[in-house]
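Undergrad: Sequence and predicted model, in that order:
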Amino acid sequence: MSDIPEYNTLRLEIESGIATLWLARPESRNALNAAMCAELVEACQWLEQCGDVHVIVVRGQGVAFCAGADLKERQGMSQAEMVARRVAGFTAYAAIEALSKPVIAAVHGPAFGSGCEIAAACDFVLASSEAAFKYPEVGWGTVGATQRLPRIVGRRMAKELLFTGRMVEAGEALQLGLVNHVFDSDQFENQVMALASQIAAANPVTVSLTKHSIDGGLETTREGAMAVELLAIQENLRRSDWQKAIAGFGRKEGNDAAH
């Protein structure tokens, strides 16, 4: 494995096929600034190319997952500078979303604004019972989170959450589909790593093609989606040892029956 890069606003750890990408500005509650935006893009590019990484877990150091955009950084910005900063954020979210490898957001505390966007850019979200989500953009007099959120919770609920900026606790987040699972804080670490390990043990080619098929299929017609899946099946047959996997499955089934 090539040397793991070092960053100023992030920390990257890799073990047993699992990369943990830490948002590492705990003194600022991991607020997203321009430097973190740029480093998220760099880290995603590196992770995409690293053959030792099969699954990525995005986490936050300290008490928060991410408290949102770094508003101190924005003080005194011109309109052009503000637009450029927002584009940098969009680019960071898109880099996470574009990864061909599965990406899990592990949210243990507050995820506000940009933190919600980072989580939404991941494939799915695991939350601690201490997690909370909030979309404060309207209250700040700005526009944001208008694209991924409606695709997750639906148009009407997205409008409520964005218009009011109210807090969404972990239990409600589960009901709305913002998160996949909520775990007690004392079990959170073990549950996150157990699920990540299960995914990391799967064939990385097959997992990547499955991710591509889901994401690509949802953006087209039903007929187009079937074509996307068929092409993925063909590529999987070329690139994976599916015959060995099926043969092994048959032996396992026989052993199970014998017992």
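TA: On my side now, so go ahead. Numbers count the residues shown, from 1 in each chain.

Undergrad: So, low pLDDT: which residues of the stretch 1-150 of the chain?
TA: Within the stretch 1-150 of the chain, the stretches with pLDDT under 70 are 1-2.

Undergrad: ranges for the helices of the protein?
TA: 34-49, 71-74, 79-97, 114-121, 148-153, 155-164, 170-176, 185-200, 204-218, 222-239, 242-258 (DSSP state H).

Undergrad: tell me the domain ranges of the protein?
TA: 10-201, 204-244 (the TED database).

Undergrad: can I assume residue 68 is in contact with residue 136?
TA: Yes - counting by C-beta atoms under 8 Å, residue 68 touches residue 136, with 6.8 Å between them. No exception for glycine: its C-beta is placed from N, CA and C like everyone else's.

Undergrad: between the two, who's got more neighbours?
TA: residue 68 (24 against 19; other C-beta atoms under 10 Å).

Undergrad: Relative to residue 229, how far out is that one?
TA: Residue 68 sits 37 Å away from residue 229, going by C-beta to C-beta, to the nearest Å.

Undergrad: among the helices of the chain, which is the most enclosed?
TA: helix 114-121 (a mean of 26; mean count of other C-beta atoms under 10 Å).

Undergrad: Now do stretch 229-248, average pLDDT.
TA: Stretch 229-248 carries an average pLDDT of 73.

Undergrad: mind putting the helices of the chain in a markdown table, distance to residue 132 included?
TA: A markdown table is the format used below for the helices of the chain (distance: least, C-beta to C-beta, whole Å):
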| stretch | distance to residue 132 |
| --- | --- |
| helix 34-49 | 21 |
| helix 71-74 | 19 |
| helix 79-97 | 20 |
| helix 114-121 | 10 |
| helix 148-153 | 15 |
| helix 155-164 | 12 |
| helix 170-176 | 7 |
| helix 185-200 | 13 |
| helix 204-218 | 27 |
| helix 222-239 | 35 |
| helix 242-258 | 41 |
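
Undergrad: Just to check, residue 56 is in contact with residue 21?
TA: Yes - between residue 56 and residue 21 there is a contact under C-beta under 8 Å: 5.9 Å.

Undergrad: Quick check: neighbours shared by those two?
TA: Shared contacts of residue 56 and residue 21 (C-beta atoms under 8 Å, 6 or more residues apart in numbering): residue 47.
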